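S.K.: How does the following fold in three dimensions:
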Amino acid sequence: LSVLLSLLVPAHTTRSPDCGGILTPSGLSYRKSGPRNSHAVSREGRQQHLSVRRNQINSIKVAELSLSLIPDTGLRLSSNVDFSITPTLSTTKVMRLSILVDLHVEMNPEGNLELVTSACKPTVEEMQSTEGKESQSSSSDVDEEINIDKICLEVSKLLLLPNEQLMSLTAQFPVTPSCRVQYLPLAAPVFSEQGITISLQTTFQVAGMVIPLPVSPVPFSMPEPASSSPSHLTLAFSEHFYTSLFFALEIAGAFNMTIPSPLTTATMAQKITQMGSLFQEDLPVTLQAVFRSSPRVVLEEGKGALKLFLTVHIGAGSPAFQSFLSVNVDMSAGLLLSIADIRMMISAAVIEDIELSLAASDVGPVPAALLEELFLPTIREEVPAQMNVVLSEGVFLPHISSFTYTDVNVTIHKDYVLVPCNLELRARTG
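M.R.: Numbering: from 1, shown residues only. So this is what the prediction gives:
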């Protein structure tokens with residue numbers, strides 16, 4: 001398998017998106033609910049972070065914290081922090097530190113998205129003092145009490161955690177023990193009034209090597225978000241994404257199936273007389289199914305279908321399997337999609353259409369009607385059941401660490417799937 005994959009890898013030259021997401025303004029303003037009270041702070045604590053000189057900080061209160069979109073540019077972080085300081089034993093002042101920070105997102109050389117500060121403007125205003133004065137502090141007073149030069153440095157340090165979380169977007173996630181999925185941004189996100197749009201390309205690794213995927217006949221672009229959507233985030237997946245997933249699982253051998261049958265060589269000999277000359281004893285009949293062509297997913301408005309193209313080898317004997325019939329099976333099953341946490345659950349539903357035809361025979365001609373009588377019920381039941389076992393763990397969605405998805409709705413459209421959902425910050429453990 002590794003040799004085969006190494007020969008295929010050079011063919012993987014295209015870079016085009018097959019999925020993506022739009023973070024809406026409501027998603028951008030989401031925060032975990034919690035109290036926003038004043039806090040007493042020690043000299044050894046916040047004093048260093050606010051760079052206050054020679055003063056005791058008594059309390060800190062975040063009066064305002066917001067993040068807004070700047071179309072075609074990036075984000076603006078606005079923060080007002082009120083804090084009380086004691087410059088002398090007899091004087092207490094309440095100061096307001098206001099910070100405006102402009103941010104944009106870049107792709108670093110490693111291919112990860114990264115938040116970068118493009119502008120930072122802190123200002124300090126004296127709100128009140130124990131002497132009853134309310135006035136704007138002079139620049140010299142501000143410099144004495146707040147080291148403004150260090151404020152922007154501290155703000156840039158606050159981006160370390162978000163950037164670590166953004167790096168988690170490109171992590172590899174297991175689909176099966178031998179197959180992994182990875183979502184790679186193709187460019188920096190696009191900022192608009194509708195939200196932040198990011199286009200992703202899905203890659204799959206089998207046995208540790210990236211496999212070349214079928215080329216999409218139609219380039220995928222993120223659908224326009226509904227302006228009235230209350231969801232925090234809308235994920236979108238192209239038809240090609242699902243076809244690539246099943247292609248990767250096929251390459252990994254995940255869908256090679258051994259199917260037990262209620263038939264034996266003796267019961268089959270009653271229908272096919274030449275069976276008696278091949279097997280002198282009565283043996284259980286087994287079906288071995290492999291794909292003769294890659295599975296294909298077709299998405300129409302409101303429904304999805306999984307097209308399967310199999311060759312089923314019918315034989316007996318263990319461990320020495322002896323095939324005496326090969327049957328081509330073309331079948332179509334409904335495709336069921338749902339979301340659990342940060343995984344997309346995919347399953348094959350009821351078989352909607354199935355056709356059997358004789359591919360090879362060591363027991364003479366076998367009419368199509370007899371093939372269906374002998375094997376169709378078993379194939380109809382077992383093929384989707386065994387595929388669903390492979391798919392049962394689900395496929396990780398694009399996500400960043402610390403967040404999960406709630407209030408999810410999966411909508412199938414022609415050629416793509418939309419997944420509007422809300423964000424939820426996971427509670428920290430430990």
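
S.K.: all contacts plus neighbour counts: C-alpha atoms, from now on.
M.R.: OK.

S.K.: what's near enough to touch Val417?
M.R.: Counting by Cα atoms under 8 Å, 6 or more residues apart in numbering, Val417 touches Ala236, Phe237, Ser238, Glu239, Val410, Thr411.

S.K.: Drop anything exposed from those.
M.R.: Applying 16 or more other Cα atoms under 10 Å to these, the neighbour count classes Ala236, Phe237, Ser238, Glu239, Val410, Thr411 as buried.

S.K.: who's in contact with Arg76?
M.R.: When contacts are counted by Cα under 8 Å, 6+ apart, Arg76 touches Leu67, Ser68, Leu69, Ile70, Leu100, Val101, Asp102, Leu103.

S.K.: right, and the last one touches Glu114 too?
M.R.: No: with contact defined as Cα atoms under 8 Å, Leu103 and Glu114 do not form a contacting pair (10.0 Å).

S.K.: Out of the contacts of Val417, give me the two with the largest separation.
M.R.: Using Cα to Cα, those span at most 14.0 Å, a distance reached by Glu239 and Val410.

S.K.: Quick one: the strands in the stretch 1-150 of the chain, in order.
M.R.: Taking DSSP state E, counting those that start in this stretch, the strands of the stretch 1-150 of the chain run over residues 19-23, 39-40, 56-70, 74-88, 91-107, 113-129.

S.K.: Tell me, how many residues neighbour Cys19?
M.R.: Using other Cα atoms under 10 Å, Cys19 has 27 neighbouring residues.

S.K.: any idea how far it lies from Leu97?
M.R.: The gap separating Cys19 from Leu97 is 41 Å, by Cα to Cα, to the nearest Å.

S.K.: Can I get the longest helix seen in the chain in PDB, CA atoms only?
M.R.: Counting residues, the longest helix in the chain under DSSP state H turns out to be helix 368-391. Presented in PDB, the C-alpha positions along helix 368-391 are these (Å, rounded to 0.1, in the frame of the first residue of the first chain):
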ATOM      1  CA  ALA A 368     -30.000 -12.500 -13.100                       C
ATOM      2  CA  ALA A 369     -33.200 -13.600 -11.400                       C
ATOM      3  CA  LEU A 370     -31.400 -16.500  -9.600                       C
ATOM      4  CA  LEU A 371     -28.500 -14.200  -8.500                       C
ATOM      5  CA  GLU A 372     -31.000 -11.800  -6.900                       C
ATOM      6  CA  GLU A 373     -32.900 -14.700  -5.200                       C
ATOM      7  CA  LEU A 374     -29.700 -16.100  -3.700                       C
ATOM      8  CA  PHE A 375     -27.700 -13.000  -2.800                       C
ATOM      9  CA  LEU A 376     -29.700  -9.800  -3.000                       C
ATOM     10  CA  PRO A 377     -31.200 -10.000   0.500                       C
ATOM     11  CA  THR A 378     -27.800 -10.600   2.100                       C
ATOM     12  CA  ILE A 379     -26.100  -7.800   0.100                       C
ATOM     13  CA  ARG A 380     -28.900  -5.400   0.700                       C
ATOM     14  CA  GLU A 381     -28.700  -5.800   4.400                       C
ATOM     15  CA  GLU A 382     -25.000  -6.400   5.100                       C
ATOM     16  CA  VAL A 383     -23.200  -3.800   2.800                       C
ATOM     17  CA  PRO A 384     -24.700  -0.700   4.400                       C
ATOM     18  CA  ALA A 385     -24.500  -2.300   7.900                       C
ATOM     19  CA  GLN A 386     -20.700  -3.000   7.500                       C
ATOM     20  CA  MET A 387     -20.100   0.500   6.000                       C
ATOM     21  CA  ASN A 388     -21.900   2.100   8.900                       C
ATOM     22  CA  VAL A 389     -19.600   0.300  11.400                       C
ATOM     23  CA  VAL A 390     -16.700   1.900   9.700                       C
ATOM     24  CA  LEU A 391     -18.400   5.300   9.800                       C
END
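
S.K.: Each with direction, which strands does the helix or strand following it pair with?
M.R.: Sequence order places strand 395-396 as the next helix or strand after helix 368-391, per DSSP states H and E. For strand 395-396, the pairing partners within the sheet under DSSP bridges are strand 343-361 (antiparallel).

S.K.: quick one: the partner strand to helix 368-391, angle?
M.R.: Going by axes from the mean of the first three to the mean of the last three Cα atoms, to 10 degrees, strand 343-361 is angled at 150 degrees with respect to helix 368-391.

S.K.: State the mean pLDDT of strand 343-361.
M.R.: The average pLDDT within strand 343-361 is 94.

S.K.: How far does that strand sit from its chain's centre?
M.R.: Here strand 343-361 is found 27 Å from its chain centre; the criterion is Cα atoms, centre = their mean, to the nearest Å.

S.K.: Just list whatever residues bridge to Phe237.
M.R.: Under DSSP bridges, the beta-bridge partners of Phe237 are Cys19, Val417.

S.K.: Ignore what I typed, I meant Ser323.
M.R.: With DSSP bridges as the criterion, Ser323 is bridged to Gly315.
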